[in-house]
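Enquirer: Quick one: sequence plus predicted model below, questions after.
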Amino acid sequence: MQNKFLKILKITAYAGLITASIFSILNGMKEKKKKDDREKMLLIARQIDAQIRNTNRKTSPRYHEKNQIKYEELWGNNESSRN
């Protein structure tokens, strides 16, 4: 009787250890996924920020004036050619 009881306790202990190990692995995977998702979101935020800065730079009056000068040097002033 006592021998069967010890076997049952051992099986229960092993099952508990295996279950705890599985939960530990799953929790670690969940934490890793959370960290990876956070890193992806930060990368996306940086890319959006860079695009906004680039758009602001391209729409600035100074940028427009520089492009207008380059355009006029390449293609000439259209108003003077019309007259």
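Expert: Received the coordinates, thanks. Numbers count the residues shown, from 1 in each chain.
Enquirer: ok, Ala50 to Lys66 distance?
Expert: Separation of Ala50 from Lys66 (CB to CB, to the nearest Å): 20 Å. Backbone N, C-alpha and C define where each C-beta goes, glycine included.
Enquirer: Likewise for Ile11?
Expert: Distance from Ile11 to Lys66, by CB to CB: 79 Å.
Enquirer: Could you do Tyr14 as well?
Expert: Noted for Tyr14: a distance of 74 Å to Lys66, by CB to CB.
Enquirer: try Met1
Expert: 94 Å.
Enquirer: Could you do Leu43 as well?
Expert: Computed as CB to CB, the Leu43 to Lys66 distance reads 31 Å.
Enquirer: Next: Asn27.
Expert: Here the criterion is CB to CB. By it, Asn27 lies 55 Å from Lys66.
Enquirer: tell me the pLDDT at Ile44?
Expert: For Ile44, the pLDDT comes out at 95.
Enquirer: which residues touch it?
Expert: By CB atoms under 8 Å, 6 or more residues apart in numbering, no residues touch Ile44.
Enquirer: in which helix or strand would I find it?
Expert: In the assignment (DSSP states H and E), Ile44 maps to helix 2-58.
Enquirer: Can you name the next helix or strand after that helix?
Expert: That would be, after helix 2-58 and using DSSP H and E, helix 61-75.
Enquirer: and that following helix, average pLDDT?
Expert: 81.
Enquirer: likewise stretch 23-36?
Expert: Averaged across stretch 23-36, pLDDT comes to 94.
Enquirer: Centroid-nearest residue for the protein?
Expert: Closest residue to the average C-alpha location of the chain: Lys40 at 1.4 Å, with CA atoms, centre = their mean.
Enquirer: so how far is Thr59 from that residue?
Expert: With the distance defined as CB to CB, Lys40 ends up 29 Å from Thr59.
Enquirer: Likewise for Leu42?
Expert: Separation of Leu42 from Thr59 (CB to CB) stands at 26 Å.
Enquirer: Kindly report the same for Trp75.
Expert: Using CB to CB, Trp75 is found at 22 Å from Thr59.
Enquirer: ok, now Thr12?
Expert: Counting by CB to CB, the separation of Thr12 from Thr59 is 70 Å.
Enquirer: I appreciate the help and will end here.
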